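K.L.:
Structure of the sequence below:
(one chain, ligands or ions: 1)
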Amino acid sequence: MDGYNGTLLCYGQTGAGKTFTMTGGESYHHRGIIPRAISQVFREVHDRPQYAYTIRISYLEIYNEQMVDLLIPGAQAVDMNVIEDKNGCTVKGLSQHVATSEEDALNLLFEGETNRSIGDHALNRTSSRSHCIFSIHVESKSRVDSSDDVIFSKLNLVDLAGSERLAKTNSTGRTLKEAMFINKSLTFLEQVIIALADKKRDHVPFRQSGNCNTLMIANIWGEAAHLEETISTLRFATRMMCVTNDPVVNVQYDPLYEPFTDSQKSELAKRLKAWLDGNDDEIEIVTLRQVKKS
Ligand SMILES: Nc1ncnc2c1ncn2[C@@H]1O[C@H](COP(=O)(O)OP(=O)(O)OP(=O)(O)O)[C@@H](O)[C@H]1O
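P.N.:
Next comes the predicted model:
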């Protein structure tokens, strides 16, 4: 709520409880981190009337190396690119939906959930076959001070697909192909974390994401049969703990609040008068907002 980006991700072997942690079980009592985060965000919005907040939601799935917008009905892999700007990485083309209440945001979560790719294998009947990123975009502006600063931040809630030993999941055909993509992308993630954790390395094999508070939840399946996977997850978590980050607040100047020159003011006054007289219907809400400010 204060302008820092945050990422929370669940990592671990298939069936260890990542989706259960992130989204939750069927009852309200077992709701996961995403619905809890949504509640908390709207509670904070309510408790901070001195700020005007706009909350937007996006829900991205990465399935077999293709990006899918889960909030577009009949979601297909559409044209989206990852672009990097000073606020970090953004997916261009991914839809963002304004949520004015907790209920709106939960509906978007459920809508996205129904579009997710789920498969069935020996270790999990409802295994996520993709990586999913539910993002809460927060934009805020003070209502009380005269500053024109707008603060942006983003909370990414990430449910990674599970790492899996192909022999254990008896995967064949489509499930096998998915598993190979999942394992490949998790290997890339591991390489990035190893590089970020190693202070002596100056090359990181991906974009440096930099300004994000990051928390990883390591999900394990605590049975002897899964000891090997548990050790591998804990080893990865240990590496993750060595990564340091330097989060910053994302502030931008709102160009809509640029002060007007005298000639712009008189032009606006003329157009406003015409609009009030019913002779000019081209004035938009944005213009009225500018006028109010000036
Ligand atoms: N703490 C828990 N309490 C009760 N049930 C749980 C718990 N954790 C996981 N489960 C159940 O175990 C099963 C597997 O969990 P889940 O689908 O969350 O695993 P996952 O790590 O997301 O697996 P995958 O990587 O294959 O998607 C689900 O039926 C889930 O409801």
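K.L.:
just so I have it, where are all the helices in the stretch 101-250 of the chain?
P.N.:
Remark: helices assigned in the stretch 101-250 of the chain by DSSP state H, counting those that start in this stretch are 102-114, 166-169, 173-197, 227-241.
K.L.:
need the contact list for the closest residue to the ligand within the stretch 101-250 of the chain.
P.N.:
Ranked by C-beta to the nearest ligand atom, the top residue of the stretch 101-250 of the chain for proximity to the ligand is Gly162, at 2.3 Å. No exception for glycine: its C-beta is placed from N, CA and C like everyone else's. Contact analysis of Gly162 by C-beta atoms under 8 Å, 6 or more residues apart in numbering lists 12-16, 18, 124, 127-128, 182.
K.L.:
how much space is there between it and Ile220?
P.N.:
Shown here: Gly162 relative to Ile220, a distance of 11 Å by C-beta to C-beta, to the nearest Å.
K.L.:
Next: Leu9.
P.N.:
According to C-beta to C-beta, Leu9 and Ile220 sit 15 Å apart.
K.L.:
next one: Pro49
P.N.:
Distance from Pro49 to Ile220, by C-beta to C-beta: 43 Å.
K.L.:
of those two, who's got more company?
P.N.:
Ile220 (19 against 10; other C-beta atoms under 10 Å).
K.L.:
Spit out the contact partners of that one.
P.N.:
The neighbours of Ile220, taking C-beta under 8 Å, 6+ apart as the test, are 12-13, 16, 226, 229-230, 233-234.
K.L.:
Repeat the analysis, applying 6 Å as the threshold.
P.N.:
Applying C-beta atoms under 6 Å, 6 or more residues apart in numbering, we find Ile220 in contact with 12, 16, 230, 233.
K.L.:
Please produce CSV containing the residues you listed, extended by neighbour count, distance to the ligand and pLDDT.
P.N.:
Formatted as CSV, the contacts of Ile220 follow (neighbours: other C-beta atoms under 10 Å; distance: C-beta to the nearest ligand atom, whole Å; pLDDT from 0 to 100):
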residue, neighbour count, distance to the ligand, pLDDT
Gly12, 26, 6, 90
Ala16, 24, 4, 92
Thr230, 19, 13, 90
Thr233, 20, 11, 89
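K.L.:
Low-confidence stretches in this protein?
P.N.:
74-79, 85-88, 118-127, 164-176, 179, 197, 199, 201-211, 253-260, 280-294 (pLDDT under 70).
K.L.:
Domain parsing of it, as residue ranges.
P.N.:
What the TED database lists as the domains of the chain is 6-252, 258-293.
K.L.:
Name the stretch among those that sits most buried.
P.N.:
domain 6-252 (a mean of 16; mean count of other C-beta atoms under 10 Å).
K.L.:
That one spans what distance, first to last residue?
P.N.:
Start-to-end span of domain 6-252 (C-alpha to C-alpha, to the nearest Å) is 18 Å.
K.L.:
From here on, call the first residue 10.
P.N.:
Sure, I'll start counting at 10 from here, so that last one is domain 15-261.
K.L.:
beta partners of the closest residue to Leu243 other than its chain neighbours?
P.N.:
Distance criterion C-beta to C-beta, 6 or more residues apart in numbering; nearest residue to Leu243, sequence neighbours excluded, is Ala227 at 6.4 Å. Beta bridges link Ala227 to Tyr20, judged by DSSP bridges.
K.L.:
wait, isn't Ala227 in contact with Thr242?
P.N.:
Yes. Using C-beta atoms under 6 Å, Ala227 makes contact with Thr242 at a distance of 5.1 Å.
K.L.:
Report the set of residues contacting both of these two.
P.N.:
Taking C-beta under 6 Å, 6+ apart as the criterion, Ala227 and Thr242 both touch Gly21.
K.L.:
Including distance to Lys163, could the contacts of Gly171 go into CSV?
P.N.:
Listed next are the contacts of Gly171 as CSV, based on distance: C-beta to C-beta, whole Å:
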residue, distance to Lys163
Gly21, 24
Gln22, 28
Thr23, 28
Gly24, 29
Ala25, 26
Lys27, 21
Asn133, 29
Ser136, 27
Ser137, 22
Ile191, 25
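K.L.:
residues in the protein within reach of the ligand, list them.
P.N.:
With the criterion set to C-beta under 6 Å from any ligand atom, the chain comes near the ligand through 21, 23-29, 34, 133, 135-137, 170-171, 228.
K.L.:
From those, pick the one nearest Met76.
P.N.:
Ranked by distance to Met76 (C-beta to C-beta), these are led by Ala170 at 14.0 Å.
K.L.:
Dig out what the residue nearest to the spatial centre of the chain forms beta bridges with.
P.N.:
For the chain, the residue nearest the mean C-alpha position is Ser144 (2.4 Å; C-alpha atoms, centre = their mean). Using DSSP bridges, the bridge partners assigned to Ser144 are Ser67, Asn165.
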